[in-house]
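In: Provide a 3D model corresponding to the input given below.
(2 chains)
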2 protein chains.
Amino acid sequence: MRIPNHIGIIPDGNRRWAVDQGLTKDKGYTHGLDPGLELYKLCKETGVKEVTYYGFTMDNTKRPSKQTKAFQKACVDAVKMLLKENAKLLVIGNSDSPMFPEELLEYTTRRTIGEGGIKVNFLVNYGWQWDLKSIIESQEEKNIHSRIKSNDVSRVDLIIRWGGRRRLSGFLPIQSVYSDFYVIEEYWPDFKSDHFNQALSWYDKQDITLGG
Amino acid sequence: MRIPNHIGIIPDGNRRWAVDQGLTKDKGYTHGLDPGLELYKLCKETGVKEVTYYGFTMDNTKRPSKQTKAFQKACVDAVKMLLKENAKLLVIGNSDSPMFPEELLEYTTRRTIGEGGIKVNFLVNYGWQWDLKSIIESQEEKNIHSRIKSNDVSRVDLIIRWGGRRRLSGFLPIQSVYSDFYVIEEYWPDFKSDHFNQALSWYDKQDITLGG
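Out: Numbers count the residues shown, from 1 in each chain, chains lettered A, B, ... in the order given. This next block holds a predicted model:
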């Protein structure tokens, strides 16, 4: 089986899940923490080299502050959970803004956690415009990818999105130009390891042409 | 029904269709011409304001020259067919290269055809890197979209891809960050108007958040 080097995760549907459970929307995010850890473990076991989680975006921070606080906290908690594991961790996003959780500042350059190994990237207060604007500033390199702020995040082979939406929602536009995109109908808090297996089996059947 | 303003069309599967018919791969493209015209008419009738066809990319030109010539010719023929209709036509791509068909040079600035109306964009010898590199050159505007070479192509609301692949293949990365993405399993030469209707019905049920 051909295993993708880099998987992007769009863990959508937390709010819809909460509403279905009779909870307020902000209550969904904590139920997405265990799935995230389980998925990290599956990626490691399978031999995936890099995984990028879509935490929250600058766009998302325009939501009601109760929700904003809830997903900020969930990102901090997710990083704390990962600190007990092994990884090369990078948190990437606009850290000049008060929306960026202070506790995560020390991970905005890549850090080895435990014994290192798999690269794990969290997009936190990420914005695609923010990511691309640095193209203008750094004039040394001709390659677009090397100029963007998220240049330490590699090309994404497979994007898996939970929650049924079929869109990128601003997820890493440069690294996603050739990505295969698999959508899981279930909401993210209903994550099952079988979703991951389905996505990998599907990816295995795709021909990879990189636009050729 | 909420109709998308701008639809992106990835008319994939021409080569696989040809092989299924016992033809050589290069023979598929001419069978994609009538579907393209039919789709243009459907867009106009439905009230779509802008439609962008993914003709061919700079990446694609690395294919065997028999295929390259066949899809170049198909693009020229598609434009010729459109010249009998009404539209505001723009052909956009790297026209400094010999891979760009000379006959299309006069349409690299937007031209009114017949009575005008719907905007029709053809991506011809398009490359996403080519599109984005101009960000560096033009320093006047802060907005990323206004700096790219394809700045006259607006945000895409709905992308419909034929041929079953679930990827953008470098299609307009900036205009596609929030697009809803609908995949038709059938190959492009097997286009049916019902595919278009399916895509519109599906799009009608999506909530549009633009990343919010």
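
In: which stretches in chain A count as strands?
Out: Counting by DSSP state E, residue ranges of the strands within chain A are A:6-11, A:50-57, A:87-92, A:111-113, A:119-126, A:158-162, A:180-184.

In: which of these sits closest to B:Gln21?
Out: In terms of C-beta to C-beta, the element of the strands of chain A nearest to B:Gln21 is strand A:180-184, at 26.4 Å. Every C-beta, even on glycine, is put in place using the N, C-alpha and C of the backbone.

In: show the average pLDDT along the closest one.
Out: For strand A:180-184, the mean pLDDT works out to 95.

In: returning to what we had before: so which of the strands of chain A gets nearest chain B?
Out: Chain B lies closest, by C-beta to the nearest C-beta, to one member of these: strand A:180-184, at 4.5 Å.

In: if we can go back for a sec, may I see the strands of chain A organised as CSV, with distance to B:Leu42 and mean neighbour count added?
Out: Listed next are the strands of chain A as CSV, based on distance: least, C-beta to C-beta, whole Å; neighbours: other C-beta atoms under 10 Å in any protein chain shown:
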stretch, distance to B:Leu42, mean neighbour count
strand A:6-11, 31, 25
strand A:50-57, 34, 24
strand A:87-92, 42, 23
strand A:111-113, 53, 14
strand A:119-126, 37, 26
strand A:158-162, 28, 24
strand A:180-184, 25, 21
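
In: can I get the ones you listed in CSV with distance to chain B?
Out: Below are those laid out as CSV (distance: least, C-beta to the nearest C-beta, whole Å):
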stretch, distance to chain B
strand A:6-11, 12
strand A:50-57, 6
strand A:87-92, 17
strand A:111-113, 28
strand A:119-126, 10
strand A:158-162, 9
strand A:180-184, 4
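
In: now tabulate those in a markdown table and tack on distance to B:Lys84.
Out: Formatted as a markdown table, the strands of chain A follow (distance: least, C-beta to C-beta, whole Å):
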| stretch | distance to B:Lys84 |
| --- | --- |
| strand A:6-11 | 43 |
| strand A:50-57 | 45 |
| strand A:87-92 | 50 |
| strand A:111-113 | 62 |
| strand A:119-126 | 46 |
| strand A:158-162 | 41 |
| strand A:180-184 | 36 |
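
In: indicate which one of these is closest to B:Phe191.
Out: strand A:180-184 (21.8 Å).

In: and the closest one, what other elements does it pack with?
Out: With contacts defined as 3 or more C-beta pairs under 8 Å, 6 or more residues apart in numbering or on different chains; DSSP states H and E, strand A:180-184 has these neighbours: strand A:158-162, helix A:193-204.

In: adjacent strands (with direction) for that strand?
Out: When sheet partners are counted by DSSP bridges, strand A:180-184 sits next to strand A:158-162 (parallel).

In: contact partners of the partner strand?
Out: A:4, A:6-13, A:168, A:171, A:176, A:179-184, A:186-188, A:190-191, A:195-196, A:199-200, A:203 (C-beta atoms under 8 Å, 6 or more residues apart in numbering or on different chains).

In: can you check stretch A:47-55 too?
Out: A:3-11, A:36, A:39-40, A:43, A:71, A:74-75, A:78, A:93, A:118-126, A:153-154, A:156, A:169, A:171-172.

In: recalculate using a threshold of 6 Å.
Out: A:3, A:5-10, A:43, A:75, A:119-124, A:153-154, A:171 (C-beta atoms under 6 Å, 6 or more residues apart in numbering or on different chains).

In: helices along chain A, start to end?
Out: A:14-20, A:33-46, A:65-82, A:128-137, A:144-147, A:193-204 (DSSP state H).

In: in CSV, list the C-alpha atoms belonging to the fifth one.
Out: Output of helix A:144-147 as CSV, limited to C-alpha atoms (Å, rounded to 0.1, in the frame of the first residue of the first chain):
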residue,chain,number,x,y,z
ILE,A,144,7.0,30.3,-4.2
HIS,A,145,6.8,27.5,-1.5
SER,A,146,10.1,28.6,0.0
ARG,A,147,8.9,32.2,0.4
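
In: just the pLDDT for the most centrally placed residue in chain A.
Out: Using C-alpha atoms, centre = their mean, the residue of chain A that lies closest to the mean C-alpha position is A:Tyr53, 1.5 Å off. Turning to A:Tyr53, the model gives it a pLDDT of 95.

In: for it, name its beta-bridge partners.
Out: A:Ile9, A:Phe122.

In: how about A:Ile184?
Out: A:Trp162.

In: wait, what's in contact with the closest residue to A:Trp130 other than its chain neighbours?
Out: Setting aside the residues directly before and after it, A:Trp130 is nearest to A:Asn94 in space (C-beta to C-beta, 6 or more residues apart in numbering or on different chains), at 4.9 Å. A:Asn94 is in contact with A:58, A:125, A:130, counting by C-beta under 6 Å, 6+ apart.

In: quick check: chain neighbours aside, which residue is closest to the second one?
Out: The spatial neighbour of A:Asn125 that comes closest, neighbours along the chain excluded (C-beta to C-beta, 6+ apart), is A:Gly93 at 3.9 Å.

In: from what I can see that neighbour touches A:Phe122, true?
Out: No - using C-beta atoms under 6 Å as the test, A:Gly93 is too far from A:Phe122 to be in contact (8.1 Å).

In: can you list the residues of chain A near chain B?
Out: Chain A comes close to chain B at residues A:57, A:59, A:62, A:128-129, A:132, A:135, A:144, A:166-167, A:169-170, A:173, A:177, A:180-181, A:211-212, as judged by C-beta under 6 Å from any C-beta of the partner chain.

In: just the buried residues out of those, in PyMOL syntax.
Out: In PyMOL syntax, the buried subset of the residues of chain A next to chain B is picked out as below (16 or more other C-beta atoms under 10 Å in any protein chain shown):
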select buried, chain A and resi 57+59+128+129+132+135+144+166+167+169+170+173+177+180+181+211
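
In: quick one: pLDDT of A:Gln139?
Out: 62.

In: ok, now A:Tyr40?
Out: Confidence score, pLDDT, at A:Tyr40: 96.

In: wait, which of the helices of chain A is closest to B:Asn86?
Out: Among those, helix A:128-137 sits nearest to B:Asn86 (C-beta to C-beta), with 35.0 Å.

In: residue contacts, A:Asn5?
Out: A:49, A:157.

In: same thing but at 7 Å, please
Out: A:49-50, A:157 (C-beta atoms under 7 Å, 6 or more residues apart in numbering or on different chains).

In: now do A:Asn121
Out: A:52, A:90, A:92, A:153.

In: A:Asp12 touches A:Gly163, doesn't it?
Out: Yes - using C-beta atoms under 7 Å, A:Asp12 makes contact with A:Gly163 at a distance of 3.5 Å.
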